[in-house]
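**Student:** Here is a sequence with its predicted model. Questions after.
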Amino acid sequence: MDIIFILINIAVLVAIIGLLVFMQKKHISFTKRVFTGLGAGIVLGALLQIIYGAGSNVLNETVSWYNIVGSGYIRLLMMIVIPLVMVSIIQSIINLEKTAALGKMSAWIIGILISTTMIAALIGIGSALLFDLNADQIEVGQAETERGIMMEERLAEVEEQSTPERILNFIPSNIFLDMTGERPTSVIAVVIFSIIIGIAVLGLRRKNPEQAEMFTKIINSIYAVVMRVVTLVLRLTPFGILALMANTVANTDVAGILQLGKFVLASYVALAVMFIIHLVLVAIFGLNPFIYLKKVFPVLGFAFTSRSSAGAIPLNIQAQRQSLGVDEGIANMSASFGATMGQNGCAGIYPAMLAVMIAPTVGIDPLSPAFIVQLVLIVGISSFGVAGVGGGATFAALIVLSSMNMPVALAGLLISVEALIDMGRTVVNVNGAMVTGTLTSRILNKLNLKTFHDKNAIEAKGSL
């Protein structure tokens, strides 16, 4: 009997996908299709949980089939991340007139990412204090205990590396290994390798312009093919978001949310405040935050459902370049750097809130200025190398809590709402990277204002 219900559920998903295909053929805008997929996914996921109940065999099997669309889409995005980052950065650098521009660009991008993460830490501290969060208030069950033990075991791995060693991991020793995405810092390693190749081509252009020109033509051709692949994959975004959202809502632990409701609320208040600060920064630099928000929504929708900053890199770059008018090189570097350092949600707000929650349990006054200053500085430094995939926030929390001499096991108390909060954190991470690219491009006078103010920039290009 279960198989019949599963087939019905699959048929419903296929029908909604058919609706999205119909909307595409009718040339309905990409943003509206993403909205439709997101909304339909929420409704479908809620109905599945209401009808079959959380943890039922029908629901679990249905989710497994839906994963073909949702997780399959994420895999396709991850597939093109490394080729896109490598070729696009090389292509951007060889089009620069001076290498000095590269250093200035990198400095602004990294500076904004780390600065906003430290601001995010302050917001996390404020939210935790405002809602009077305390680790002692949370009930400990078997799942929380097991998660705490796991975090203590993982801490041993983290403590083996100092901050200089973690930064050293950015430098590639085997670029072919990093092309597989094997390490948490693989994306940054590929970025560094690509920068070196680009600088080498600029040097070759002065000594042997013919060979440099031949290499440039090859890179431009490969770049055109890669971008075409990116476009083909991004066209699947409404379908991917539909399935991802349906699975997320269907598997949501409602009981856990109710139990930890105050922490969930405090987390989303902090994330919302940081998101507003992003928009304020956009406005301070003379840009309309509402136009910005409308253009980045499809990327944020994917970030929310996928919980993967790294997976959002292709969407991130595409939105910055074609919709916001950000300089190509800046868009490539801000999206790549933003996926592994300076993540405002995972590396800023989350570990800061945990530290404030845990501080009273070990006799530390979370209102102490010395504690706050130390925490903000540690958050800023430790935000280098946080993996842009699920689990990155846990890694950041381990580093911060261990650096503050706090017990890391207490962070396991939040396992039941981890996925729900991670969705919001990823949105803030990805938005921080896009804001960084936009502001850097504006500061360096490389922002195409005509494209930024064109409300239909992406659709006008016919890319999606």
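**Tutor:** That came in fine, so what should we check first?

**Student:** With just CA atoms, put stretch 8-22 into CSV.
**Tutor:** Coordinates of each C-alpha in stretch 8-22 appear next as CSV, following Å, rounded to 0.1, in the frame of the first residue of the first chain:
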residue,chain,number,x,y,z
ILE,A,8,1.3,9.6,-5.8
ASN,A,9,3.8,11.9,-4.1
ILE,A,10,6.2,11.5,-6.9
ALA,A,11,3.5,12.3,-9.4
VAL,A,12,2.7,15.5,-7.5
LEU,A,13,6.3,16.6,-7.7
VAL,A,14,6.4,15.8,-11.4
ALA,A,15,3.2,17.8,-12.0
ILE,A,16,4.6,20.9,-10.2
ILE,A,17,7.8,20.6,-12.3
GLY,A,18,5.6,20.5,-15.3
LEU,A,19,4.0,23.7,-14.2
LEU,A,20,7.5,25.3,-13.8
VAL,A,21,8.4,24.1,-17.3
PHE,A,22,5.2,25.6,-18.7
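
**Student:** how much space between Gly380 and Ala347?
**Tutor:** Noted for Gly380: a distance of 9 Å to Ala347, by Cβ to Cβ, to the nearest Å. Backbone N, C-alpha and C define where each C-beta goes, glycine included.

**Student:** Quickly list what's touching both of these two.
**Tutor:** Thr117 (Cβ atoms under 8 Å, 6 or more residues apart in numbering).

**Student:** Between the two, which is the more surrounded one?
**Tutor:** Neighbours were counted for Gly380 and for Ala347 using other Cβ atoms under 10 Å; Ala347 has more, 34 against 21.

**Student:** from what I can see that one touches Ser382, true?
**Tutor:** Yes. The criterion here is Cβ atoms under 8 Å, and Ala347 meets it with Ser382 at 6.9 Å.

**Student:** okay, and the common contacts of those two?
**Tutor:** Common neighbours of Ala347 and Ser382 (Cβ under 8 Å, 6+ apart) are Ala396.

**Student:** any weak-confidence spans in the chain?
**Tutor:** Applying pLDDT under 70 to the chain flags residues 1, 97-100, 136-163, 166, 184, 253, 255-259, 385-392, 409-417, 456-464.

**Student:** the helices in the stretch 101-250 of the chain, which residues?
**Tutor:** Here the stretch 101-250 of the chain has its helices, by DSSP state H, counting those that start in this stretch, at 142-159, 163-168, 175-179, 186-207, 209-234, 237-250.

**Student:** Highest mean neighbour count out of these?
**Tutor:** helix 237-250 (a mean of 26; mean count of other Cβ atoms under 10 Å).

**Student:** can you tell me how far Ile372 sits from Thr305?
**Tutor:** Ile372 is 34 Å from Thr305, by Cβ to Cβ.

**Student:** okay, those two: which has more neighbours?
**Tutor:** Remark: of Ile372 and Thr305, Thr305 carries more neighbours, 28 against 20, as counted by other Cβ under 10 Å.

**Student:** now that one, nearest residue through space, not along the chain?
**Tutor:** The shortest distance from Thr305 to any non-neighbouring residue, by Cβ to Cβ, 6 or more residues apart in numbering, is to Leu244 (3.8 Å).

**Student:** Over to Pro351?
**Tutor:** Closest to Pro351 by Cβ to Cβ, 6+ apart is Val400, at 3.8 Å.

**Student:** my guess is Asn332 meets Ser92, correct?
**Tutor:** Yes. Between Asn332 and Ser92 a contact is recorded at 5.6 Å, counting by Cβ under 8 Å.

**Student:** Between these two, which has more neighbouring residues?
**Tutor:** The residue with more neighbours, out of Asn332 and Ser92, is Asn332; 29 against 22, by other Cβ under 10 Å.

**Student:** just the angle between whichever helix or strand Met86 is part of and helix 237-250, please?
**Tutor:** Secondary-structure element containing Met86, defined by DSSP states H and E: helix 57-94. Helix 57-94 runs at 140 degrees relative to helix 237-250, counting by axes from the mean of the first three to the mean of the last three Cα atoms, to 10 degrees.

**Student:** helices and strands around helix 57-94, which ones?
**Tutor:** Applying 3 or more Cβ pairs under 8 Å, 6 or more residues apart in numbering; DSSP states H and E, one finds that helix 57-94 contacts helix 2-25, helix 30-52, helix 175-179, helix 186-207, helix 209-234, helix 237-250, helix 313-318, helix 328-338.

**Student:** For Leu122, find the nearest of those helices.
**Tutor:** With Cβ to Cβ as the criterion, Leu122 lies closest to helix 328-338 of those, at 19.5 Å.

**Student:** And that closest one, how far out from the chain middle?
**Tutor:** Helix 328-338 has its average C-alpha position 13 Å from the chain's average C-alpha position, going by Cα atoms, centre = their mean, to the nearest Å.

**Student:** Please apply the same query to stretch 36-55.
**Tutor:** Distance, centroid of stretch 36-55 to centroid of chain: 24 Å (Cα atoms, centre = their mean).

**Student:** which parts of it are buried?
**Tutor:** For stretch 36-55, burial by neighbour count (16 or more other Cβ atoms under 10 Å) applies to Thr36, Gly37, Leu38, Ala40, Gly41, Ile42, Leu44, Gly45, Leu48, Gln49, Tyr52.

**Student:** any chance of the residues you listed in CSV, plus distance to Thr252?
**Tutor:** Listed next are these as CSV, based on distance: Cβ to Cβ, whole Å:
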residue, distance to Thr252
Thr36, 21
Gly37, 18
Leu38, 15
Ala40, 16
Gly41, 12
Ile42, 10
Leu44, 13
Gly45, 8
Leu48, 11
Gln49, 7
Tyr52, 13
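
**Student:** Closest to Tyr268 out of those?
**Tutor:** For those, the residue nearest Tyr268 by Cβ to Cβ is Ile42; the value is 16.2 Å.

**Student:** show me the contacts for Gly325.
**Tutor:** Shown in contact with Gly325 (Cβ under 8 Å, 6+ apart): Ser441, Leu447, Asn448, Leu449, Lys450, Thr451, Phe452, Ala457.

**Student:** Pro226 contacts Pro83, doesn't it?
**Tutor:** For the record, residue 226 is Val, not Pro. Yes. The criterion here is Cβ under 8 Å, and Val226 meets it with Pro83 at 5.3 Å.

**Student:** how far away is Leu439 from Ile197?
**Tutor:** Separation of Leu439 from Ile197 (Cβ to Cβ): 27 Å.

**Student:** ok, now which ones touch the closest residue to Tyr66 other than its chain neighbours?
**Tutor:** Spatial nearest neighbour of Tyr66, excluding adjacent residues (Cβ to Cβ, 6+ apart): Ala243 at 4.7 Å. Ala243 sits next to Leu13, Gly41, Tyr66, Asn67, Ile68, Val69, Gly70, Tyr73 when contact means Cβ under 8 Å, 6+ apart.

**Student:** From Leu19, how far out is Ile8?
**Tutor:** Distance from Ile8 to Leu19, by Cβ to Cβ: 17 Å.

**Student:** Likewise for Gly124?
**Tutor:** The spacing between Gly124 and Leu19, counted by Cβ to Cβ, is 40 Å.

**Student:** which one of the two has more residues nearby?
**Tutor:** Comparing Gly124 with Leu19 by other Cβ under 10 Å, the one with more neighbours is Gly124, at 30 against 16.

**Student:** Need the nearest residue in space to that one, chain neighbours excluded.
**Tutor:** In space, Gly124 is closest to Ala352, 3.4 Å off (Cβ to Cβ, 6+ apart).
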